[in-house]
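Q: give me a model of this one.
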Amino acid sequence: MNYGICGLSLIPVRREPSERSEMVTQILFGEHFEIIDYLPGWSHVRLVFDGYEGWVDSKMVTPLTERDSTRIESAPSAVTTDIFSIIPISKEQNLMLVAGSTLPFWRPYLKQFRLDSKKCNLNGHVAYGRLKDHRSFIISQALKYFNAPYLWGGRSPLGIDCSGFTQVIYKMAGFRLPRDASQQVFLGTSLSFVEETLPGDLAFFDDEEGNIIHVGILWKQNKIIHASGKVRIDNVDQYGIYNVDTKRYTHKMRVMKKII
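A: Here you go, the predicted structure:
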């Protein structure tokens, strides 16, 4: 098995090996993956973080040894929490990291990580391992994304979808969620009433056929933070999400879940 790691700000993952194909997710800096197949110019990858599969441009892949992949996977997570961070990689070049990026081989006492034998320093904020005060942290991080534009398959503050939003926010707090809302809904314990929820719990919404199509992070006083057009705050009750701008319900409640 061959392995790779994202050495760019992010890598788009396509459903098919074509630049015109739908983007199904993004690999953020420092996230690693298995390479399970090749076509000319394209690599079929499986992300170690969530098992998601798709095709990436082979030119964007930084090779990774199996030994280093295992070491990264077994180490405590080190994840950037600033919306943007600038990393100097040479005298002439910088690299921008978005929130939720992974810092491989992180040395917290030096504030240093390593990628492809190159040591890099980061002076920004890093969440190391699983945080104790995770609920307040989840809300504070979610609010940083306010007005971030919606983008199908996105996991970045420059474009993010509903389940990418919940996944990355939870990742920064030290928890792993699957990629899609239809997968995330199987985690945790169901809650019967909005009044039973705590900040950081998740709410899931379905369509007329019962398919899970949306997810958001519950906040306080019947509020939800979610990505719909943009990352926004709306009202929520047992019926669903009530859009504060259009004054109508936009998503039908299916279930509320305590994940952590």
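Q: quick one, phi psi at Thr166?
A: Torsion angles at Thr166 (phi, psi; degrees, to the nearest 10) stand at phi -60, psi -40.
Q: hmm, Arg176 and it touching each other?
A: No: taking contacts as Cβ atoms under 8 Å, Thr166 lies outside contact range of Arg176: 11.6 Å. Glycine gets a C-beta too; all of them are placed from N, C-alpha and C.
Q: more neighbours, those two?
A: Thr166 (26 against 11; other Cβ atoms under 10 Å).
Q: could you find the closest non-adjacent residue to that one?
A: Nearest non-adjacent residue to Thr166, counting by Cβ to Cβ, 6 or more residues apart in numbering: Val215, 5.3 Å away.
Q: quick one: contacts for that neighbour?
A: 162-163, 166, 181, 184-185, 202-205, 226 (Cβ atoms under 8 Å, 6 or more residues apart in numbering).
Q: so the closest residue in space to Gly100 that isn't next to it in sequence, which state does it fall into?
A: Nearest residue to Gly100, sequence neighbours excluded (Cβ to Cβ, 6+ apart): Val168, at 4.0 Å. At Val168 the chain is in helix, as set by DSSP: H, G, I helix; E, B strand; the rest coil.
Q: start at 48, not 1
A: Sure, I'll start numbering at 48, so the last one becomes Val215.
Q: and the residue positioned nearest the centre of the chain, what pLDDT?
A: By Cα atoms, centre = their mean, the chain has its centre lying nearest to Val215, at 2.5 Å. With respect to pLDDT, Val215 scores 99.
Q: quick one: the residue lying farthest from the centre of the chain from Ser90, how far?
A: Using Cα atoms, centre = their mean, the residue of the chain lying farthest from its centre is Lys138. It sits 30.6 Å away. Going from Lys138 to Ser90 by Cβ to Cβ, to the nearest Å gives 31 Å.
Q: before we move on, back to that, widest-spaced pair of the contacts of Val262?
A: Largest separation among those by Cβ to Cβ: Val232 and His273, giving 14.3 Å.
Q: these two: which has the busier surroundings?
A: Legend: neighbour count by other Cβ under 10 Å for Val232 and His273, higher for His273 (28 against 21).
Q: so what are the sheet partners of the helix or strand encompassing that one and their directions?
A: Assigned by DSSP states H and E, His273 belongs to strand 270-274. Within its sheet, strand 270-274 is paired with strand 259-265 (antiparallel), strand 278-284 (antiparallel), according to DSSP bridges.
Q: any idea of the mean pLDDT in it?
A: Mean predicted confidence for strand 270-274 is 99.
Q: how about it: buried residues?
A: 271-274 (16 or more other Cβ atoms under 10 Å).
Q: now do Met48 against Asp84, distance only.
A: In this structure, Met48 and Asp84 are 11 Å apart, going by Cβ to Cβ.
Q: and what of Met300?
A: Distance of Met300 to Asp84, given as Cβ to Cβ: 40 Å.
Q: repeat for Leu55
A: From Leu55 across to Asp84, the span is 21 Å (Cβ to Cβ).
Q: Met300 and Asp84: who's more crowded?
A: Each of Met300 and Asp84 has its neighbours counted (other Cβ under 10 Å); Met300 has more, 18 against 12.
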